[in-house]
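Student: Sequence isn't available, so here's the structure alone:
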């Protein structure tokens, strides 16, 4: 599907379920955590950036059973690690996927002495 058709199908699925909003992921970070996650409001299609979220139980079984549609715009991501590799994938639309608050501990920032004021 084209990007516009995929977005319309996405909004249609939300409307069928009588949801006020759904989530759209633009890019992923390490461990399949969403790096750019947007809340998309069904009524007018506007988007709001969401921070501190992760997916629940995202595995290859979800790709087999929950996949609704795929887009034609390919996304490429290069991993320059010990063994460099690249991932190329189309945008995909899942029927249902759990989005939950990331369970990250907020570490206390280090305390530094106040700077001295010179005379």
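Tutor: Received it, and whenever you're ready, just let me know what you need. On a predicted model such as this, the values are computed, not experimentally measured, just so you know.
Student: I'd like to know how far the closest residue in space to residue 52 that isn't next to it in sequence sits from residue 45.
Tutor: Spatially, and ignoring its direct neighbours in sequence, residue 52 is nearest to residue 102 (4.8 Å; Cβ to Cβ, 6 or more residues apart in numbering). (Glycine included, C-beta is placed from N, CA and C.) Here the distance between residue 102 and residue 45 works out to 26 Å (Cβ to Cβ, to the nearest Å).
Student: can you list contacts of whichever strand or helix holds residue 14?
Tutor: If you go by DSSP states H and E, residue 14 is part of helix 3-16. Residues from elsewhere that reach helix 3-16, judged by Cβ atoms under 8 Å, 6 or more residues apart in numbering: 1, 21-22, 24, 40, 42, 45, 68-73, 91, 93, 95.
Student: Taking these together, which two end up most distant?
Tutor: Farthest apart among these by Cβ to Cβ are 21 and 72. That separation is 25.4 Å.
Student: The residue nearest in space to the middle of the chain and residue 57: what is the separation?
Tutor: A centroid search over the chain (Cα atoms, centre = their mean) returns residue 25, at 3.0 Å, as the residue closest to the centre. Distance check for residue 25 against residue 57: by Cβ to Cβ, it reads 15 Å.
Student: ditto for residue 113
Tutor: Residue 113 sits at a distance of 46 Å from residue 57 (criterion: Cβ to Cβ).
Student: Between the two, which is the more surrounded one?
Tutor: With neighbours defined as other Cβ atoms under 10 Å, residue 113 and residue 57 compare such that residue 57 has more, 9 against 5.
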